[in-house]
Structure formats: structure tokens, C-alpha cells
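Enquirer: Build the 3D model from these lines:
(one chain, ligands or ions: 2)
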Amino acid sequence: MKEIACKLLIIGAGPGGYVCAIRAGQLGIDTVIVEAKKPGGTCLTVGCIPSKALIHAAEEFDAVRRAAAGASPLGISTASPSIELTRTMAWKDHIVGRLTGGVTALLKRQKVKIVHGWARFRDGKTVEVETETGRQLIRAETVVIATGSAPVELPSIPFGGPVISSTEALSLDGVPERLAVVGAGYIGLELGIAYAKLGAQVTVVEAAERILPLYDADLTKPVAKRLAALGIELLLRAKAREIEPRRDQLVVETADGAARQIAADRILVAVGRRPAIDGWGLEELDLDRKGRFIRIDDQCRSSMRGIFAIGDVTGEPMLAHRAMAQGEMVAEIVAGHRRNWDKSCIPAICFTDPEIVTAGLTPDEARAAGHEVDIGQFPFSANGRAMTRHAEDGFVRVVARADNHLVLGVQAVGQGASELSAAFGLAIEMGARLEDVAGTIHAHPTLGEAFQEAALKGLGQALHI
Ligand code: FAD
Ligand code: NAD
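Expert: Ligands and ions are numbered 1, 2, ... in the order given. Got it, this is the predicted structure:
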């Protein structure tokens with residue numbers, strides 16, 4: 001068996017692992033990263049990037065279809081459009097290929113050694129990797145576990161055949177005529193909306209009493225409205241129970257306790273993700289857990305000396321940019337820098353139609369934290385750019401401390417609102433006051449002006465409402 005030794009060993013080259021490796025390489029740390037599949041992990045290969053490519057293709061197709069149906073208020077008309085999903089998927093795969101290739105190149109540029117294969121711990125300092133050319137033993141001073149997450153399977157509706165996870169939903173070779181979606185969370189709604197726009201008859205089954213239960217009702221209302229406009233059937237307080245033996249009917253217990261059968265060509269189960277903790281020798285280690293996730297402190301240290309954990313395997317929020325920020329921090333800690341997790345917020349975006357953005361505290365969260373708050377809300381219906389995009393539904397809402405106007409949180413819902421997340425995050429991270437946002441010249445006409453106006457509204461000085 002071949003043996004190598006290094007200072008830093010990273011297991012998993014998703015956004016957490018590969019960013020950790022790049023920064024470690026930049027800092028001159030002798031680093032090895034092990035990846036069983038492709039560099040880029042869930043995010044680049046079967047998550048953020050492919051889903052956003054499909055969502056974009058669906059938006060384009062929907063716009064053309066509406067124009068063909070004579071429903072374009074913009075005066076656009078066209079003959080009957082069609083979509084060849086295999087070509088859409090090939091385009092998506094090309095983007096994924098460019099990005100995963102780019103990650104490999106970045107790692108190589110920083111002299112990070114990439115080992116392809118499945119890693120398994122022998123003990124806290126030694127990992128065995130099953131590579132194509134045989135077994136390799138890697139000894140390391142410090143190890144980072146960045147193994148990510150996997151879709152949750154419903155025992156009564158196991159994956160296979162028509163029952164698919166997001167991974168298969170992002171590689172279908174045709175648009176299903178009837179798509180049932182279990183779970184109206186991030187994945188269920190992002191992909192459910194995309195497939196409805198691509199022409200599928202979509203039914204969404206959600207156990208909670210409203211969609212996207214993570215977000216407050218005001219933020220989700222415009223999305224619920226859009227689901228109805230797209231002809232998506234939504235069953236709330238409904239539980240997916242089982243699948244019929246013929247496997248083309250999903251049996252659902254509806255809110256009134258009745259059983260309902262939903263005929264479907266595909267059933268997308270999107271009821272959450274679980275940490276990837278199986279098959280790599282977790283049992284050889286003595287790691288404290290937080291539920292099923294690996295427990296970490298504010299430096300991403302696990303309960304074992306010399307073992308860090310980052311990204312989805314450490315719990316919510318399971319977002320790529322959190323994993324990346326953790327990876328960067330851990331590399332710097334390994335290099336001897338004084339770092340700990342001191343971020344003011346982790347913005348989150350749901351790429352539905354319209355998009356939802358949150359950064360920092362919502363009004364309820366701020367009050368629950370003991371703050372007296374001022375709230376400024378500005379509707380996109382009063383924003384010139386939103387009007388010219390024919391996308392007026394939604395708003396920007398700013399939550400600030402009543403005593404000193406410190407911005408505690410910003411939320412928005414609207415088409416194209418995702419790009420505002422940078423401004424929201426920056427304002428909170430920089431400790432901006434309402435006056436700072438209100439006093440910054442925002443270029444016209446942009447959706448960003450709604451942020452400035454929301455801050456002005458919080459100060460009782462809104463100009464355009
Ligand atoms: P992962 O990206 O899961 O990477 C872990 C890597 O470790 C994998 O490549 C795996 O092969 C490898 N690995 C695991 N075990 C071993 C082992 N023993 N040996 C070798 N290699 C191993 N987040 C966002 O922020 N924005 C989005 O828009 C977004 N969209 C998403 C859409 C979908 C459909 C899905 C499923 C997820 C989405 N996410 C999104 C979540 C995002 O993908 C994850 O938060 C992110 O990928 C987590 O990064 P990670 O590095 O922790 O793990
Ligand atoms: P989720 O937690 O967002 O949503 C799961 C939904 O399924 C919930 O609303 C829940 O009430 C419902 N549910 C659970 N069991 C059910 C049942 N038996 N019947 C009906 N409904 C049921 O999970 P997800 O959509 O699978 O996404 C997983 C994770 O991936 C997210 O938490 C997020 O961290 C990440 N993600 C992020 C993005 C993004 O940032 N834009 C996009 C996709 C995924």
C-alpha cells in the first residue's frame with residue numbers, strides 16, 4: 001500500500017472542502033484533498049449550479065410559451081415553441097464541467113494534492129483511500145471532515161424507478177407529463193416551479209400548513225400566488241404515505257384525514273437532507289454529535305483534537321456559502337491565524353419565482369431576541385425597474401433597532417431579488433444604520449433602490465410611496 005504524509009488532509013471536495021484546500025495552499029500548508037466523485041461536490045455537480053441552470057432554462061421557455069399563447073403584455077408573439085430537454089441538460093452539464101474543471105485547476109495551482117477515491121478513517125490521524133490504482137494510506141497532522149449531505153429518503157417511498165431525488169430530477173431526459181413533489185421546501189419549490197414552467201402538470205404535497213415554513217408568511221405569499229398562476233396544485237397539511245404497487249400513484253393523507261391518490265410519472269421526494277456520515281469510519285472516531293450532525297465549536301473544531309468539520313455534515317443552514325466561509329476560516333486556523341466564527345449573518349436565497357432573500361433577523365426573530373424594532377417595507381410595485389421588468393410583486397423589508405437604527409435584518413421577495421443579497425449581507429456585516437443605507441446613492445433605475453426606500457421608510461422618510 002502506498003503511503004503519504006501531509007500537514008492537512010481534507011475529506012470531500014465540495015464547497016467546504018475545496019475552498020479550505022485552496023486557502024490552505026495559498027498559506028503554504030502541505031495539503032491533500034480526497035474526493036470520491038467530482039471536485040465541486042453537491043453544489044457544483046447536483047445542487048446549486050445545475051438547479052439554477054435548469055431554473056433559467058425553464059424561465060426562458062415559460063416566457064416564450066406565454067408569448068406563443070398570446071399572453072405577453074410586452075407585445076411579443078411567436079409560433080409554438082418546444083423544448084428538447086436533453087439539449088438543455090447537455091448545456092447544464094457543460095457549465096458543471098467548466099466549473100468542476102476550474103476547481104481542479106485552482107487546487108493544482110495552489111499545489112494541493114488531489115486523491116481520487118473513497119476515504120475511510122483508520123484512526124484520527126490516518127485515512128485509507130480506495131483509489132483506481134489501489135489503496136493509499138494518508139497520515140495527517142490535521143484532518144477536516146467535509147463530507148457534505150445526502151437526500152433524506154422516506155422509508156415508505158424509497159428512491160428508485162419513478163421516485164427520484166433532486167439528483168435525478170436534474171438529469172431527466174424528458175419533461176414528465178405529471179410530476180408529484182413531496183416537500184414544499186427549497187428543492188421541492190425550486191424544481192417544482194421549474195418543471196411546471198417546462199410544461200409538467202405539478203402537484204406539491206407539503207406536511208406543514210404553508211409552503212417554505214422556514215420563511216415568514218409575508219415572504220412566501222407572492223410565491224404561493226405564483227404557484228397558483230402556474231397551475232401547480234398545492235396540498236398543504238398533507239402527508240405522503242406510500243406508493244401504489246404499480247408505482248405510478250402516490251398515496252397522500254390530506255388535511256382532512258382522507259386518502260388521495262395522485263397519478264404521477266415521476267415523484268420527486270424533497271423532504272430535507274441528512275449529513276453524509278456513513279461508510280467513512282465515523283465509528284473509528286469519538287466525535288460528539290448534534291442530532292445526526294457532527295458537533296463543532298466556533299472554530300469548526302470537533303470534539304477530537306486535530307479534527308475539524310465543516311459544511312453540511314455539521315448541520316443547518318446547509319448552504320454552500322456557509323461551507324465555503326467555514327473552509328476558509330479553518331485553513332487560516334491551521335496556518336496559525338487567530339480566527340473564529342464571527343459572521344453577523346448567513347444570507348439565504350430561495351430561487352423560487354419570485355425569489356426570496358433573507359439576511360439577519362426577521363421582525364419576529366428580532367423581537368424574540370429582545371429588540372424593540374423599526375421596520376421599513378417598500379413594495380416593488382413602486383419601483384421603476386421592477387415595473388420595466390414586468391415583475392412588481394414583492395417587497396424589500398428592513399428590520400432595525402428602534403434605539404440606534406442598527407440594521408438587524410433585511411428580507412425581500414421579488415423576481416431578481418436574489419442579487420440584492422450582497423447589499424443586504426454587506427449592510428449587516430458592516431454594522432450599517434438605516435441612515436447609512438438611506439444616505440447611499442443607489443443607481444436608478446434598479447431593484448436596489450427598493451432597499452434604500454425601505455430604509456427611508458424605516459426612518460419615516462420614504463420618497464416614492
Ligand atoms: P458537499 O457539496 O455535499 O460535498 C461533499 C463532497 O464530499 C462530495 O463531493 C462527496 O463525494 C465527498 N465525499 C463524501 N464522503 C467522502 C469520502 N468518504 N471520501 C471521499 N469523498 C467523500 N446551497 C446554496 O447555498 N445555494 C443554492 O442555490 C443551493 N442549491 C441547492 C440545490 C440542490 C438541488 C441541492 C441538493 C443543494 C443545494 N444547495 C444550495 C446546498 C449546497 O449544495 C450544499 O450546502 C453544499 O454543497 C455543501 O457543501 P459541502 O462542502 O459541505 O458538501
Ligand atoms: P427543506 O427542509 O427545505 O424542505 C423540506 C420540506 O418537506 C419541508 O417543508 C417539510 O415540512 C416537508 N416534509 C417533510 N416530510 C414530509 C412528508 N412526509 N410529506 C410532505 N412534506 C414533508 O428540504 P429540501 O427542499 O429537501 O432541501 C434540503 C436542503 O438543501 C435545504 O435545507 C437547504 O439547506 C439546501 N438547499 C438550498 C437551496 C438554496 O439555497 N437555494 C436550494 C436547494 C437546497
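Enquirer: residues making contact with stretch 236-243?
Expert: The contact list for stretch 236-243, computed with C-beta atoms under 8 Å, 6 or more residues apart in numbering, reads 154, 156-157, 162-163, 182, 184, 205-211, 249-255, 259-260, 267, 269. Yep, even glycine has a C-beta here, placed from its N, CA and C like the rest.
Enquirer: could you flag which of those are buried?
Expert: Restricting the contacts of stretch 236-243 to buried positions leaves 154, 157, 162-163, 182, 184, 205-207, 210-211, 249-253, 260, 267, 269, with burial counted as 16 or more other C-beta atoms under 10 Å.
Enquirer: Give me the subset of the residues you listed lying in strands.
Expert: Counting by DSSP state E, the part of the buried ones among the contacts of stretch 236-243 found in strands is V163, V182, V205, Q249, L250, V251, V252, E253, R260, I267, V269.
Enquirer: Can you name the residues bridging to the first one?
Expert: On the basis of DSSP bridges, V163 is bridged to G160, I267.
Enquirer: Looks like it contacts I267 (just checking).
Expert: Yes - using C-beta atoms under 8 Å, V163 makes contact with I267 at a distance of 4.8 Å.
Enquirer: hey, what's in contact with both of the two?
Expert: In terms of C-beta under 8 Å, 6+ apart, V163 and I267 are both contacted by the residues I157, I243.
Enquirer: Please determine how far I76 is located from ligand 1.
Expert: I76 is 29 Å from ligand 1, where distance means C-beta to the nearest ligand atom, to the nearest Å.
Enquirer: Let me know how buried that residue is, in neighbour terms.
Expert: I76 is flanked by 13 other residues according to other C-beta atoms under 10 Å.
Enquirer: Now it. Nearest residue, chain neighbours left out?
Expert: Nearest residue to I76, sequence neighbours excluded (C-beta to C-beta, 6 or more residues apart in numbering): A67, at 4.4 Å.
Enquirer: Name all residues that make contact with the one you found.
Expert: Counting by C-beta under 8 Å, 6+ apart, A67 makes contact with L74, I76, S77, T78.
Enquirer: just curious, which of these is nearest to ligand 2?
Expert: Taking C-beta to the nearest ligand atom as the measure, ligand 2 sits nearest to L74 out of the contacts of A67, at 28.0 Å.
Enquirer: For the most centrally placed residue in the chain, grab phi and psi.
Expert: Central residue of the chain (C-alpha atoms, centre = their mean): L319, 5.0 Å from the mean position. Dihedral pair for L319: phi -130, psi 150, per degrees, to the nearest 10.
Enquirer: circling back to that earlier point, flag every buried residue along whatever helix or strand the residue nearest to I76 lives in.
Expert: Under DSSP states H and E, the secondary-structure element containing A67 is helix 48-68. Neighbour counts over helix 48-68 (16+ other C-beta under 10 Å) mark 48-55, 57-59, 61-68 as buried.
Enquirer: go on, stretch 300-308?
Expert: Across stretch 300-308, burial judged by 16+ other C-beta under 10 Å covers C300, R301, S302, M304, I307, F308.
Enquirer: and those, which two are the farthest apart?
Expert: The distance between the two most remote of those (C-beta to C-beta) is 12.6 Å, for C300 and M304.
Enquirer: filter the ones in strands among the buried ones among the contacts of stretch 236-243 down to the ones near ligand 2?
Expert: Taking C-beta under 6 Å from any ligand atom as the test, ligand 2 is in contact with V182, V205 out of those.
Enquirer: would a markdown table of the ones in strands among the buried ones among the contacts of stretch 236-243 with pLDDT be doable?
Expert: Output for those, formatted as a markdown table (pLDDT from 0 to 100):
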| residue | pLDDT |
| --- | --- |
| V163 | 96 |
| V182 | 98 |
| V205 | 98 |
| Q249 | 92 |
| L250 | 95 |
| V251 | 94 |
| V252 | 96 |
| E253 | 95 |
| R260 | 95 |
| I267 | 97 |
| V269 | 98 |
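Enquirer: which parts of this structure sit against ligand 1?
Expert: Counting by C-beta under 6 Å from any ligand atom, the chain comes close to ligand 1 at 11-17, 34-37, 41-43, 47-48, 51, 118-119, 146-149, 166, 187, 276, 280, 311-312, 318-321, 323, 351.
Enquirer: Can you select the buried ones from the residues you listed in PyMOL?
Expert: Restricted to buried positions by 16+ other C-beta under 10 Å, the PyMOL selection for the residues of the chain next to ligand 1 reads:
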select buried, resi 11+12+13+14+15+16+17+34+35+36+41+42+43+47+48+51+119+146+147+148+149+166+187+276+280+311+312+318+319+320+321+323+351
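Enquirer: List, out of the residues of the chain next to ligand 1, those positioned next to ligand 2.
Expert: I187, M318, L319, F351.
Enquirer: Done for today, thanks.
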